[in-house]
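Asker: Got a sequence here, can you model it:
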Amino acid sequence: MTANIQPQTLNEFIILQQTAFPYAKGDLTRLLNHIGVAAKIVNREVNAAGLADILGKAGKTNIQGEDVMKLDEFANEQFIRVLTSSGEVCGLASEENHDIITFNNNFTKEGKYVVCIDPLDGSSNIDVNVSIGTIFSIYRRITEIGTLPDDRDILQPGTKQVAAGYVIYGSSTMLVYTTGLGVTGFTLDPSIGEFCLSHYNIVTPEKGNLYSINEGYYKQFSPGVQKYLDHCKGKDENSGYSARYIGSMVADFHRNLLKGGIYMYPSTKKQEGGKLRLLYEANPIAFLAEQAGGLATDGKGNRILEIIPKAIHQRVPLFTGSKKMVEDVEGWIKKYG
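Answerer: Down below sits the predicted model:
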């Protein structure tokens, strides 16, 4: 008789990986576990959103000038609450807050890490029951332990990330993360309330056949991006890809990560600096992409992870996914501008 083997949980997996981080001494393990706890709380609310008074707008705008959804606000509050109580985090930057959030007490000032987070990516899809997600990025603090953190702790290049990941709330809920040792995915088992190992060592195909972009902005894109899109749509004999665009970056990136493809959010005539935020959207996604064998650039040969941030809510163009597809679009941009 064969015994049932229990799947490895997120916490168990992180503990086993801990030996690769001699400086962490368990604190990074606890922090990642706390993020998992907050994700389960948000997941519960997402699943009940249609039955609870949490759909719709909250009647305010965030620092980006975007309407704040009720679920946005809830997710932001939950992650702040859980990370504050973890004792591992001394401060964080969130899409929903103008300035960095610091925790002015002796308990949190001892925290060794700062977190950059988009609590709920894909807010425009909340009311129509389309997949949404959470994106997070973790850095070791620069300022002295025991003091209040400041912008220096947050404004670090992506190469300094010690961990990054996302949670996708869809037909199943998954947490995907990296600590620089490859990319691993965990699926939430609602029967036991635990994230269980489901995707070990995710490697994205070197070339895919999917492209994801909001083509409604076609006329605002640069000539090089337009030429590449024409190429993707099969307007020359050597091409022809399938368009897939959900509108939640986490969902689009997740699909392309597993199946192979490219996600693009270029600059436009109206937003020349790009739209996606470097610290809590582009950097964590870029870290994951590279760890899975892909690329992430601004479309002009600049590696996302090497961009030095100047502001907490700095924006950047993003081209990420399968290596050969990112290199291909850069070739078109280099040729046509």
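Asker: Isn't Tyr263 up against Thr204?
Answerer: No. Counting by C-beta atoms under 8 Å, Thr204 is not a contact partner of Tyr263; they are 11.1 Å apart. From N, CA and C alone the C-beta is placed, and that goes for glycine too.
Asker: all strands for the stretch 101-250 of the chain, in order.
Answerer: Along the stretch 101-250 of the chain, counting by DSSP state E, counting those that start in this stretch, strands occupy 101-102, 113-121, 132-140, 161-169, 173-178, 183-189, 194-199, 210-212, 242-243.
Asker: winner for burial among the ones you listed?
Answerer: Ranked by mean neighbour count under mean count of other C-beta atoms under 10 Å, the strands of the stretch 101-250 of the chain are led by strand 113-121, which reaches a mean of 27.
Asker: CA atoms only for it, dumped as CSV, please.
Answerer: Provided in CSV are the C-alpha atoms of strand 113-121 (Å, rounded to 0.1, in the frame of the first residue of the first chain):
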residue,chain,number,x,y,z
TYR,A,113,14.2,44.7,5.0
VAL,A,114,12.1,47.1,3.0
VAL,A,115,9.3,46.0,0.6
CYS,A,116,8.0,47.6,-2.6
ILE,A,117,4.5,46.4,-3.4
ASP,A,118,1.6,46.8,-5.8
PRO,A,119,-1.1,45.4,-3.5
LEU,A,120,-3.6,44.7,-6.3
ASP,A,121,-2.5,44.8,-9.9
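Asker: just to revisit the earlier point, tabulate the strands of the stretch 101-250 of the chain (a markdown table), appending mean pLDDT.
Answerer: Shown next, in a markdown table, are the strands of the stretch 101-250 of the chain (pLDDT from 0 to 100):
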| stretch | mean pLDDT |
| --- | --- |
| strand 101-102 | 90 |
| strand 113-121 | 95 |
| strand 132-140 | 96 |
| strand 161-169 | 97 |
| strand 173-178 | 97 |
| strand 183-189 | 96 |
| strand 194-199 | 96 |
| strand 210-212 | 97 |
| strand 242-243 | 94 |
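Asker: any chance of the ones you listed in CSV, plus distance to Leu148?
Answerer: Below are those laid out as CSV (distance: least, C-beta to C-beta, whole Å):
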stretch, distance to Leu148
strand 101-102, 5
strand 113-121, 12
strand 132-140, 16
strand 161-169, 21
strand 173-178, 28
strand 183-189, 33
strand 194-199, 32
strand 210-212, 40
strand 242-243, 47
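Asker: do you know which of these lies nearest Arg315?
Answerer: strand 113-121 (12.8 Å; C-beta to C-beta).
Asker: List the neighbouring strands of the closest one plus their orientation.
Answerer: strand 89-94 (parallel), strand 132-140 (antiparallel) (DSSP bridges).
Asker: want to try a markdown table for those strands, with distance to Tyr169 as columns?
Answerer: Shown next, in a markdown table, are those (distance: least, C-beta to C-beta, whole Å):
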| stretch | distance to Tyr169 |
| --- | --- |
| strand 89-94 | 18 |
| strand 132-140 | 5 |
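Asker: Assumed Glu77 was part of a helix.
Answerer: Yes. Assessed with DSSP: H, G, I helix; E, B strand; the rest coil, Glu77 lies in a helix.
Asker: Leu279: what's it in contact with?
Answerer: Applying C-beta atoms under 8 Å, 6 or more residues apart in numbering, we find Leu279 in contact with Ala93, Cys116, Ser137, Ile154, Leu155, Pro309, Ile312, His313, Gln314.
Asker: let's see it at 7 Å
Answerer: Ala93, Cys116, Ser137, Ile154, Pro309, Ile312, Gln314 (C-beta atoms under 7 Å, 6 or more residues apart in numbering).
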